[in-house]
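A.B. asks: can't give you the sequence, but here's the structure:
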Ligand SMILES: Cc1cc2nc3c(=O)[nH]c(=O)nc-3n(C[C@H](O)[C@H](O)[C@H](O)COP(=O)(O)OP(=O)(O)OC[C@H]3O[C@@H](n4cnc5c(N)ncnc54)[C@H](O)[C@@H]3O)c2cc1C
Ligand SMILES: Cc1cc2nc3c(=O)[nH]c(=O)nc-3n(C[C@H](O)[C@H](O)[C@H](O)COP(=O)(O)OP(=O)(O)OC[C@H]3O[C@@H](n4cnc5c(N)ncnc54)[C@H](O)[C@@H]3O)c2cc1C
Ligand SMILES: Cc1cc2nc3c(=O)[nH]c(=O)nc-3n(C[C@H](O)[C@H](O)[C@H](O)COP(=O)(O)O)c2cc1C
Ligand SMILES: Cc1cc2nc3c(=O)[nH]c(=O)nc-3n(C[C@H](O)[C@H](O)[C@H](O)COP(=O)(O)O)c2cc1C
Ligand code: FES
Ligand code: FES
C-alpha cells in the first residue's frame, strides 16, 4: 500500500488513512492533536436530520483492550452540521466523508435531499448500524432488503456523491450483505462498526449502561474486523475500508494485507492521536 | 450466587463453576494444577464419533487480550474417550459434562446412541458451533431448523441425560435461537463459543492460519459474552451457563449478575489455573 | 480559544512524592509550548505502553511553574497505581491543557473554595494563580476528608487566607462533612461574601447547592467523568444541563470542566 | 509419570545476569516440591499481571540445583522483554516441570549435542545432569550463532568434553553454520560415535537430519512452538509425525518436547 491518489467512486483520496466516524467527532475538535490535512479523509460523526441529544446515563466503559460506548448518535443535526461544522473542517484542510444516519425512511430521504444540495460534499458513509426504528430495532444493515433500500436511495438522490456502506458485524454472514451492498450501487464498503457488548456495575449489580447494550471497539475486536474485511474482500470488487481496533502501523499493514483499500482509525486516537499520521508516514514511497 | 447443590435438568451440580470445553482437554491433563474435584463440573473437549486429527498449520495466535485458536476439533473419538479418558476423569473425582460434536446427521445419531449407553454420563453439552458439513459450512447453530433437529434428537436418544445447548455468538439474534433451543427441549443454554476472527502474518503477508478463520476467546470477548448471556437470560426459563473471557472472580460475578446460573472458565486457565478454584471459594457461604 | 493551544507532549517525571497513604504529588517537566493553563483545566496521561489500561487518564492541573506542571494523583485503580509507580526520569506522555471552561474570579472579589478529596487540585491552582495575578480579597478553603490521614489540604496551607478542615471521623478540625462545616461557618459569619467554587464528589456539590448559599454571587463547580477523547469530540463525558425543551448535554472535557452549579440537571446527574 | 508432579509455584528471582546483548540468565528460587525435572522439560512463566501478554511463556530448564532453577531468556518480543526487566526479589509465577518426554542417554555412551541459539539450554541441562548421574563417555557440544556477540556456549564450556563453535560471519570458530561444522567434524573424524541430540531452529534440525549422520545410533531433538496450556490439553502446539494412515499429531508440550528426529513429518512441520 502506498500514499498515492486513489479513487473510491468518483472521489479521489490522497492516501488510504482515514479517521473513523464518531471518536473524532466533527474532526475539528482534534485540531492541534491530529494534522487533519495530512490524512486521506476524516469521516465525520454520524449526523441525523434533526439534532439528537444521545443516550442518558454512563456512556463509556473500558474493558480489556476495548471500549464500550453508548453515546447514542448524539449529534447537532444536518443543518448545524452543514452550516457550521463542515465549513470549519474544510477550513482545517481536511477531506470530509460525511457519515449519515440510516434512520426512519422519511427522515432519511430528507437527509439525503439536504445532503445532495451541499456543493462541498464529495462522499458520504451510510451508517447501517442504526436501529431500524420502524420495526424491531435491530440494525437496518442486518436486513438485506432494507440494506438495499437505503443504499439505492442514497445513490439515486446523491447523484455523483460517492457512497460508502458501513456494515455492522453483528450478523451471521456479512459477506452476503456486502454483496447486496455492492449490487445496490455502493462505491465502497466500510467494515466494521462496533460489536454489541455490555458490562455490569458490580456495585449496583445492574448494567453499566441505561440502554444495557453498548458498542465494543478497540484492539479487542481487531481479529473480528480483520476476518470480516478479508471475507468481504474475497467477494466484492469495490474497495473495502477496514476499521476496528487498529492501534499500530503493523495493525494497519494487516488490514491492507487482508484486502483493505484504506483503513480508518477510531478508538486508538484516544490514547495515541499521533497514530494516523504515523501510518501515513509508514506508507511513504 | 452460592456454592450449593443445584439442578440443571436431572443433574445435580455442587457449585456453579465449570471448566469450559476445549482448553482443559479431557480434564485429566490439568491434574496437579486444578483440583477437579472441587469444581461443579468439567466440560470435556468436544468429541466426535470417529477420532479427528484436527487442523494443519499454526493453531494458536495471541491477540490483544485474546487468543485465536484453530485446533479444529482434534479429539480421540467417542470410543477411546468413553473407554480411556472418561474413566480417568471420573477417577480424579470430577463431575464430567461430555461435549458432543454436532457433525453430519448420521455420525451424530450414532454418537448419541453410543453416548446413551454410557452409564456414567449424566450430562452432555452439544457444541452447536460445529460446521454444517452437509451444507455450506456455517455453524449448525446458526440455522433454527437444524438447531431444533440436533437438540430434539439428543433429547430423544439420550433419555434422562441432561442436555446443554452451547450456542455460537456469530449470529444476528442469539436470543431467538436460545428460545428455539429451549422449545426443542434443551435443559440449559451455554453461551458463548468463540467469535470468528483471523490474523495476518506480516512476514508472509498471508493469514496466520491455514484455515484463515479461527476462534477468538479470552478477556477481549467478555463484553460480548456478557451481553449474550444477559439477552438469553431475559427470554428463557432454563439455566444459562455463561462463558467467555472470565479472568477474575469479579468477572464471574458479572456473569451471575447478568443472569447466569453457572459459569465456565476456558482461556483463563492457561495463564491462571488457580482461577476456577478461587471462584468456587468466592462463593462460599 | 484555549482550545487551539492543546498539544501532545512527552514530559519527564521530575519528582514523585507520597503525600498521604494513597496520594502522590507528581512534578512533570513543562514542555516549552505548554502555556497558559487555567484553573479547572487538566491533562490526559497515557498510562501504559500497551493496551492495559487502554484509555488515557485525566488529571487536573494543580500548579504550573516556569519549568514544571504539578499534579496530584490518588491511587484508586490500576491506572493511577501504575502512574504512582513511575520513577524520577520516566517519560510521561500528556495531552493538554484540556478543558474549554475554567474558574474565573473578578478582580478583588473574595473566593470561597469547597473541596472534597482530590477535588482540591483545581481549587489550589485557582488560589495560587489568582493570588499572583488578580489580587483577590479573602480566600477560604473548606476541605473535607474521611479522616486525618488523607488531608491533602496540608499541601497548600499558605495558598489561602484561611483553611478550614472537616473530618467525618472528627480526628481533626470540624467533626462532620465539608458541607455541614460550610453551613456552620456561614451561620457563624466566618465566610466572606463573594464567589463560591467547588470540586468534589457529586453528593458534596449537590448538598452544597441545596444548602442554598444565597450570600454568594455565584457557585461554579468543576466536574469529573470517565473520559475517552478529552477534547469534546466523542461525546462520552457529557453532563445534562437544565433545559426547557428536552435534554441538553454538554461535554465535561470540551465545554467544562467548569459549570455553574445551578445550571446542572442534578436529577439526571451522578446517580 | 512426571506428569503428576507438575505444579504451579511462586518463585523469587534470585539473580538476573545479562550474558549477551540479547540474553539473560535468570536464577529462580526452587520451590520445595519442585523436583526431578529432566532435560528437555520446561516451565511456563506468567509474564504480566494483566492481560498483556495474555499467555504464559515457555522456557526450557537449563539447570536445577539444590536451591535454584536456572533459565536463559533471549529477548525477542514483549513477553521476553518484560521478563528480562524483572529485578532481583521479584516474584515469578511458574508452572512446571512440563513436558512428557525428555532426552535420555544410556549409561556410558558418547553424546553429541548440536545447538542453535537458545536451543543450547536443554542440551546444557542434559550434559550437566548426565555428567553427574550417568558417567557418559565423551560429550561434544556443537554450537552455532550468527556472530560472536551471541555465543551463549561460553556459559557452559566446562560442561562438555569438547565445545565446537561456528559463526556465520566467521568471527569466531568455524566459518559457517553449525550443520556445516557438524559435517566437517564428522568427516574429519573428530566426533565420537554415540547418540545425537539437537535443539534449535527447524531449518537447522532438518539439515542435520538430512546430513544423514549414519554413525549415530539415534537422533533426538527438542521442539518449540507457541503454547497455551503447556500440559497437552488444548492441542495447540502439535507436531505432525510420520504416519501411514492419515496425519498423526503429537503435542510438543505433553508428548514432547523430545522426539526422534526421523519420526517427525518434516514436510508438514515448520513451514
Ligand atoms: C477532569 C478530571 C480531573 C481529574 N483530576 C484528578 C486529580 O487531580 N487527581 C486525581 O487523583 N484524580 C483526578 N481525576 C480522577 C482520575 O482521572 C481517576 O481517578 C483515574 O482516571 C482512575 O483511573 P484508574 O485506572 O486508577 O481507576 P479505574 O480502575 O479505571 O477506576 C477506578 C475509579 O475511577 C473512575 N475512573 C476511571 N477512569 C476514569 C476517567 N478517565 N475519568 C474519571 N474517572 C475515572 C472509575 O469510574 C472508578 O470509579 C480527574 C478526573 C477528571 C475527569
Ligand atoms: C518448550 C519451549 C522451550 C523454550 N525455551 C526457551 C529458552 O530456554 N530460552 C528462550 O529464550 N526461549 C525459549 N523458548 C522460546 C520462548 O518461549 C519465546 O521466545 C517466547 O515465548 C517469546 O515471547 P515474547 O512475548 O518475547 O515474543 P512474542 O512477541 O510473543 O513473539 C516473538 C516470537 O516468539 C514466538 N513465540 C511467541 N510465543 C511463543 C510461545 N509461547 N512459545 C514459543 N514461541 C513463541 C513467536 O512466534 C514469535 O516468532 C522456548 C519455547 C518453547 C516452546
Ligand atoms: C465513541 C465512539 C463513537 C462512535 N460513533 C460512531 C458513529 O457516530 N458512526 C459510526 O458509523 N460509527 C461510530 N463508531 C464506530 C467507529 O467508527 C468504528 O467503526 C469502531 O469504533 C471500530 O473501530 P475502532 O476500534 O478503531 O474504534 C463510534 C465508535 C466510538 C468508540
Ligand atoms: C483452545 C481452545 C479450544 C476449544 N475447544 C472447544 C471445543 O472443543 N468445544 C467447544 O464447545 N468449545 C471449545 N472452545 C471454546 C471454549 O469452550 C469457550 O466457549 C470459549 O473459548 C470462550 O470462553 P473463554 O474466553 O473463557 O475461553 C475452545 C476454546 C479454546 C481457546
Ligand atoms: S471525553 Fe470525549 S467528549 Fe469528553
Ligand atoms: S500448548 Fe496446549 S497442547 Fe501444547
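C.D. replies: Thanks, I have the structure now. Note that the structure is predicted; figures quoted are calculated from it, not measured. Ligands and ions are numbered 1, 2, ... in the order given.
A.B. asks: Look up phi and psi at the residue nearest to residue A:122 when sequence neighbours are not counted.
C.D. replies: Spatial nearest neighbour of residue A:122, chain neighbours left out: residue A:11 (4.7 Å); criterion: CB to CB, 6 or more residues apart in numbering or on different chains. Backbone N, C-alpha and C define where each C-beta goes, glycine included. Main-chain torsions, residue A:11, degrees, to the nearest 10: phi -100, psi 140.
A.B. asks: give the contact list for residue A:11.
C.D. replies: Listed by CB atoms under 8 Å, 6 or more residues apart in numbering or on different chains, the contact set of residue A:11 reads A:122-123, A:162, A:187.
A.B. asks: Buried residues, the helix or strand hosting residue C:123. List them.
C.D. replies: For residue C:123, the enclosing helix or strand under DSSP states H and E is helix C:120-133. Buried residues in helix C:120-133, counting neighbours by 16 or more other CB atoms under 10 Å in any protein chain shown, are found at C:120-131.
A.B. asks: Could you do stretch C:201-209 as well?
C.D. replies: Using 16+ other CB under 10 Å as the test for burial, stretch C:201-209 gives C:201-202, C:204-209.
A.B. asks: Cross those against helices and list the overlap.
C.D. replies: Counting by DSSP state H, the part of the buried residues of stretch C:201-209 found in helices is C:202, C:204-209.
A.B. asks: List just the nearest of those to residue D:191.
C.D. replies: Lowest distance from residue D:191 to these (CB to CB) belongs to residue C:202, with 78.0 Å.
A.B. asks: wait, what's in contact with the nearest residue to the closest one once chain neighbours are set aside?
C.D. replies: Ranked by CB to CB, 6+ apart and with sequence neighbours excluded, the top spatial neighbour of residue C:202 is residue C:270, at 3.2 Å. Counting by CB under 8 Å, 6+ apart, residue C:270 makes contact with C:202-203, C:206.
A.B. asks: Please work out how many residues are found near the closest residue to ligand 5 within the stretch 151-285 of chain A.
C.D. replies: Nearest residue of the stretch 151-285 of chain A to ligand 5, counting by CB to the nearest ligand atom: residue A:270, 7.9 Å away. By the criterion of other CB atoms under 10 Å in any protein chain shown, residue A:270 has 27 neighbours.
A.B. asks: check which helix or strand covers it.
C.D. replies: Take DSSP H and E as the rule and residue A:270 turns out to sit in helix A:268-271.
A.B. asks: Which ones among the contacts of residue A:11 lie within strands?
C.D. replies: Mapping the contacts of residue A:11 onto strands (DSSP state E) picks out A:123, A:162.
A.B. asks: ok, and residue C:192, which helix or strand is that part of?
C.D. replies: Here residue C:192 is assigned to no helix or strand, by DSSP H and E.
A.B. asks: picking up where we left off before, how close does the residue nearest to residue A:122 get to residue C:199?
C.D. replies: Taking CB to CB, to the nearest Å as the measure, residue A:11 falls 47 Å from residue C:199.
A.B. asks: just residue C:228 next, same as before
C.D. replies: To residue C:199, residue C:228 is 21 Å away according to CB to CB.
A.B. asks: Looking at those two, which is more packed in?
C.D. replies: Legend: neighbour count by other CB under 10 Å for residue C:228 and residue C:199, higher for residue C:199 (30 against 27).
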